[in-house]
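> Just the structure for this:
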Amino acid sequence: STGMTGYQETLTDPSYHRQVVVMTAPHVGNTGVNDEDPESGRIWVSGYVVRDPARKPSNWRSQRSLDEELAKQGVVGISGI
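Here you go, the predicted model:
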């Protein structure tokens, strides 16, 4: 995906079901994850590839980190690519 923002929407979009999504933006996860922005109630991707994930989100709307959400939903994430 080439989106600089909206990674939460991408992850929860059912059209990405069973796909591995590779992000082209160098930093992903800066705004964390919240319960207001998902497209559906779960993450649909099978895997998520990012270069440099944010370990600590920096956004007043964030309720948890991207890493926490991926782990909670059992989605494999790869970084450093």
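> who's in contact with stretch 60-73?
For stretch 60-73, the external contacting residues (Cβ atoms under 8 Å, 6 or more residues apart in numbering) are 7-8, 11, 28-29, 31-36, 42-43, 48, 53-57, 76-77. C-beta coordinates here come from the backbone N, C-alpha and C atoms, glycine included.
> how about that stretch: buried residues?
For stretch 60-73, a neighbour-count test (16 or more other Cβ atoms under 10 Å) marks S62, S65, L66, D67, E69, L70 as buried.
> Restricted to helices, list the residues you listed.
Using DSSP state H, L66, D67, E69, L70 are the members of these that sit in helices.
> residue ranges of the strands in the protein, please?
Secondary structure of the chain by DSSP state E: the strands cover 20-22, 27-28, 47-49, 52-53, 76-78.
> out of the contacts of stretch 60-73, which are buried?
Neighbour counting with 16+ other Cβ under 10 Å marks 7-8, 11, 28-29, 31-34, 43, 48, 53-54, 57, 77 as buried within those.
> quick one: which of these is nearest to V22?
The closest of the buried ones among the contacts of stretch 60-73 to V22 turns out to be Y48 (Cβ to Cβ; 8.3 Å).
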